[in-house]
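K.L.:
next come a sequence and a model predicted from it.
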Amino acid sequence: MKQISDVAKKSQTMSELQKDPRTKMALDQCNELMHYAIGELSKSFEELGKFEFHKVDEALIKLKIWLSATSSHEQTCFEGFQGTHGDAGETIKKAMKNVVQLTTNWLAVVSEMSNYLGSMQFPEMNSRRLLSQEFPSWMDARARRIKNAPVAEVKPDIVVAQDGSGQFKTINEALKEIPKKKNTTFLVHIKSGIYKEFVQVNRSMTHVVFIGDSPDKTVITGEKSFKDGITAYKTATVAIVGDNFIANDIGFKNTAGAIKHQAVAIRVLSDESIFYNCRFDGYQDTLYAHSHRQFYRDCTISGTIDFLFGNAAAVFQNCTCLVRKPLENSACPIIAHRCKDPREPTGFVLQDCTIVGDSDYLTVKESSKTYLGRPWKEYSRTIIMTTFIPDFVPPEGWQPSGGDFGLKTLFYAEVRNTGPGAAVTNRVTWPGIKKLSEEEILPFTPAPSIQGDAWIPGKGVPYFPGLFTGNGSATDPSATSSTNSNTTGSSESPTIAVSPSASPPSGQHDSPSGAVSPSASPPSGQHDSPSRAVSPSASPPASHHDSPSASPPVSLDGSPSASPSTVVSPSASPLASPSASPSDSPSASPESSG
């Protein structure tokens with residue numbers, strides 16, 4: 001940790017001497033992220049210090065999550081220097097060379113421990129907690145009473161109201177009253193209003209709950225953008241860092257517009273965070289699911305390019321992806337997942353979601369194709385299951401980031417999707433595209449992939465731990481199921497998919513209700529991809545193209561997924577040996593997501 005601390009101090013010292021505003025911001029960003037990295041490693045050492053053999057699988061999963069977050073912090077530090085002048089970025093890169101290698105090595109060690117201990121098959125080690133058998137360990141009695149009660153029946157700790165009916169008129173005033181590092185739930189009711197402020201729930205603010213009046217009535221909005229000289233990381237209107245955060249019935253916006261390039265509505269670093277019935281509106285880089293484990297239920301995410309991006313282990317269940325009108329002739333890739341090491345237990349899962357276009361986008365859908373996603377880093381992972389895919393997603397489905405970057409090592413899969421764009425017959429045939437059965441897809445459902453059974457039940461949020469079946473029920477991820485490939489050409493939307501007809505917040509485009517014609521054939525032909533100047537699609541150096549071929553299907557923790565049980569067992573072996581890890585040089589890969 002001393003080496004990371006030294007980098008943080010170096011960043012701070014250089015920042016104090018820096019005259020270029022963007023470079024100064026990048027150095028400040030590095031300083032912040034290195035302190036987060038120190039926190040991740042401290043938690044890891046604490047976990048090792050209280051080692052209990054019967055909980056070894058849980059401990060190893062936590063270690064992988066925290067080490068993966070450390071890697072994300074390091075990479076985000078590098079990315080901050082995009083568009084800067086001078087040698088500050090190279091100086092920090094050299095200072096961090098050993099730090100990055102140590103993180104990679106530790107992740108390799110933990111992965112090998114998982115593989116070895118799992119192969120021993122100790123009966124007391126891999127016990128599986130039943131769904132709802134117990135509440136999360138941090139959940140206090142008050143939180144349990146809150147879980148099913150309407151807001152009107154629960155007394156919040158703080159009320160924020162612009163009309164003066166609460167204790168505070170701004171969210172930032174309320175945040176000053178939140179106790180630090182407490183294991184008890186702290187409820188903040190944010191009443192209806194448009195809150196134009198930058199909000200950050202700091203690392204010390206854990207177990208915080210934000211409850212609004214509805215996502216179109218309680219809205220937190222901003223307009224920071226990369227084009228205005230701000231790093232993509234710092235453009236976020238809202239930043240959530242403290243663990244165990246919950247948001248319900250709130251809208252998050254960045255109104256900078258498509259012409260301003262990266263402009264984040266929310267950045268989430270919180271582990272075991274939940275967003276329920278929330279709305280995230282922006283254009284490029286709307287929702288930055290940066291790191292750790294995250295669960296989104298009944299949410300709407302709108303945008304143009306890479307509007308769902310980051311390196312979290314995140315499941316989006318029953319959510320709507322709303323495509324907006326981009327700059328002229330720009331394509332609209334929805335997802336840009338970043339994973340630089342195959343051992344990282346990260347990936348994005350869309351489960352029972354709906355992809356739709358707003359009315360303005362539908363007027364340009366022929367010239368601005370929507371793609372399911374593209375790789376931000378070499379080991380990008382995206383799984384789309386039981387989701388409605390419309391006709392404006394072309395037959396090829398996925399978009400490359402530039403050349404053959406990541407195409408051999410990424411992990412993309414589609415299973416049992418519906419809609420006129422769901423046919424996989426003419427999808428791209430990159431080595432990283434996987435064809436999975438229902439049995440093979442089970443490890444990517446919430447219970448095994450983000451250990452959802454351990455922390456989501458009891459929060460008053462609808463939650464299905466397994467795979468949705470045709471009648472809207474869920475398949476237990478511990479059970480086997482029959483093989484079933486994608487539904488092709490079906491116009492039936494998911495059984496319990498969010499209705500895309502919900503009215504967007506004030507100032508947004510018209511409701512997408514009726515915007516998609518299920519009967520229309522998907523248009524053919526790939527159009528120009530978006531500008532590469534501020535996207536992850538810049539052509540990488542040749543060394544990236546020599547990455548090892550992708551291994552067999554894996555779960556989010558980097559373990560083989562041929563058997564659903566592998567994801568809840570530390571026995572899974574990593575995708576590759578430590579020597580197979582890609583270069584950690586920030587210059588070796590694209591600098592930004594969008």
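P.N.:
Right, received. Where do you want to start?
K.L.:
residue ranges with poor pLDDT in this protein?
P.N.:
Residues of the chain meeting the criterion pLDDT under 70: 1-3, 6-10, 15-18, 51-54, 118-153, 470-555, 557-594.
K.L.:
please enumerate the helices of it.
P.N.:
2-17, 21-49, 56-79, 88-95, 97-120, 141-146, 171-175, 359-362, 438-441, 446-449, 542-545 (DSSP state H).
K.L.:
to Asp285, which of the ones you listed lies closest?
P.N.:
helix 56-79 (11.6 Å; CB to CB). (C-beta placed from N, C-alpha, C; glycine too.)
K.L.:
between the closest one and helix 21-49, how many degrees?
P.N.:
Comparing the axes of helix 56-79 and helix 21-49 via axes from the mean of the first three to the mean of the last three CA atoms, to 10 degrees yields an angle of 170 degrees.
K.L.:
how far away from the center of its chain is helix 56-79?
P.N.:
Mean C-alpha position of helix 56-79 versus that of the full chain (CA atoms, centre = their mean, to the nearest Å) differs by 14 Å.
K.L.:
just stretch 401-408 next, same as before
P.N.:
That offset, for stretch 401-408, works out to 21 Å (CA atoms, centre = their mean).
K.L.:
for that stretch, which positions count as buried?
P.N.:
Within stretch 401-408, the residues scored as buried using 16 or more other CB atoms under 10 Å are 401-402, 404-408.
K.L.:
quick check: the two most widely separated of these?
P.N.:
Gly402 and Lys408 (14.1 Å).
K.L.:
neighbours of Thr429, how many?
P.N.:
8 (other CB atoms under 10 Å).
K.L.:
comparing the helices of the chain, which comes out most buried?
P.N.:
Ranked by mean neighbour count, the helices of the chain are led by helix 446-449 with a mean of 26 (mean count of other CB atoms under 10 Å).
K.L.:
for that one, which helices and strands make contact with it?
P.N.:
Packing partners of helix 446-449 (3 or more CB pairs under 8 Å, 6 or more residues apart in numbering; DSSP states H and E): strand 313-317, strand 347-351.
K.L.:
how far away from the center of its chain is it?
P.N.:
Offset of helix 446-449 from its chain centre (CA atoms, centre = their mean): 15 Å.
K.L.:
same check on stretch 414-425?
P.N.:
Worked out by CA atoms, centre = their mean, stretch 414-425 lies 23 Å from the chain centre.
K.L.:
CA-only coordinates of that stretch in CSV, if you can.
P.N.:
These are the backbone C-alpha positions of stretch 414-425, laid out as CSV (Å, rounded to 0.1, in the frame of the first residue of the first chain):
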residue,chain,number,x,y,z
GLU,A,414,-27.2,-13.5,-26.2
VAL,A,415,-29.8,-16.1,-25.0
ARG,A,416,-33.6,-16.3,-25.4
ASN,A,417,-34.0,-12.7,-26.6
THR,A,418,-37.1,-11.6,-28.5
GLY,A,419,-38.1,-8.9,-31.0
PRO,A,420,-37.3,-8.3,-34.6
GLY,A,421,-33.7,-7.6,-33.9
ALA,A,422,-33.1,-10.7,-31.8
ALA,A,423,-32.2,-13.1,-34.6
VAL,A,424,-28.6,-14.3,-34.1
THR,A,425,-28.2,-16.0,-37.5
